[in-house]
Structures are given as structure tokens and as C-alpha cells.
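> What follows is a protein structure lacking sequence information:
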């Protein structure tokens with residue numbers, strides 16, 4: 001699949017679309033999902049243009065996974081979650097809707113059901129508050 005430089009994540013990386021960022025390094029960016037399935041739903045993307053895991057540079061993929069691990073620890077702490085779900089989808093048949101490689105980090109609690117993904121936008125004030133909670137839990 002050819003990479004689309006106009007996908008929303010590419011626009012976020014270029015500063016052309018807003019995001020509620022929680023972490024950034026040379027290879028990756030983490031930010032709140034604006035249509036979260038649970039409170040604290042966070043996304044991690046590589047800065048390289050890869051549509052899916054099959055197109056990713058292995059070195060950058062490794063750095064991105066390190067960011068997933070770091071941010072997942074912070075999300076777990078910020079939302080006092082007994083579990084963390086990490087999801088990564090490849091292709092429309094798998095449910096991928098934005099064709100820029102990305103990882104979902106979802107704090108999990110017993111009995112808390114998922115909302116439908118990519119349906120309802122969360123309020124910006126809620127997203128900023130959630131981002132602040134995650135940023136506060138990141139290790140320096």
C-alpha cells in the first residue's frame with residue numbers, strides 16, 4: 001500500500017493538525033486518541049512515513065516500540081489501570097483506518113467496556129487533562 005502524505009497522522013507530525021501530545025523523541029510521537037475507546041486511550045506513531053508494520057524500517061520500529069513501552073507504563077500509572085492493552089492493526093481487513101503505522105495503548109479495568117472506535121470525538125478539555133496525567137507519570 002502506498003503511503004498517503006495527507007493522512008491525519010502525517011498532518012499531526014507536520015504541525016498541520018492539532019494533537020494532545022504526551023511524549024516525543026527523535027523517532028516517535030505519542031498523543032491522545034481523539035476518539036478514545038476508553039479514558040486514557042493513547043497512540044504512538046513513528047515519525048517515518050510507513051503505512052503499516054510491513055513497511056516500517058526495523059530500526060525505527062524498534063525505537064517506536066521502546067516508546068510504546070515507556071508510554072504504556074505512564075498510561076498504566078496515570079489511570080491506575082490493572083492492565084494495559086496494546087493493539088496494532090495492519091490493513092483494512094484488520095480494522096486499520098489511518099494508514100500510518102500506529103500503536104494503541106488502552107488502560108484496562110475489569111467491567112469497563114470499550115466504546116466503538118472512530119465514532120465520537122472526546123471533548124478537548126478532557127483530552128488535555130488526560131494528556132497532562134500521562135505526561136506527569138513519564139519517567140525523565
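Structure received. All values reported here derive from a predicted model rather than from experimental measurement.

> What's opposite the residue positioned nearest the centre of the chain in the beta bridge?
Within the chain, one residue has its C-alpha closest to the average C-alpha position: by CA atoms, centre = their mean, that is residue 43, at 0.3 Å. For residue 43, the beta-bridge partners are residue 31, residue 104 (DSSP bridges).

> Same question for residue 83.
residue 108.

> What's the separation between the residue lying closest to residue 57 once chain neighbours are set aside and residue 70?
Using CB to CB, 6 or more residues apart in numbering and skipping residues adjacent in sequence, the residue nearest residue 57 is residue 48, 5.8 Å away. Where C-beta positions appear, they are placed from N, C-alpha and C, glycine not excepted. Plainly put, residue 48 is 18 Å away from residue 70 if you go by CB to CB, to the nearest Å.

> repeat for residue 44
Applying CB to CB to residue 44 and residue 70 gives a distance of 9 Å.

> re earlier: I'd say the residue nearest to the centre of the chain and residue 104 touch.
Yes: assessed by CB atoms under 8 Å, residue 43 is found in contact with residue 104 at 6.2 Å.
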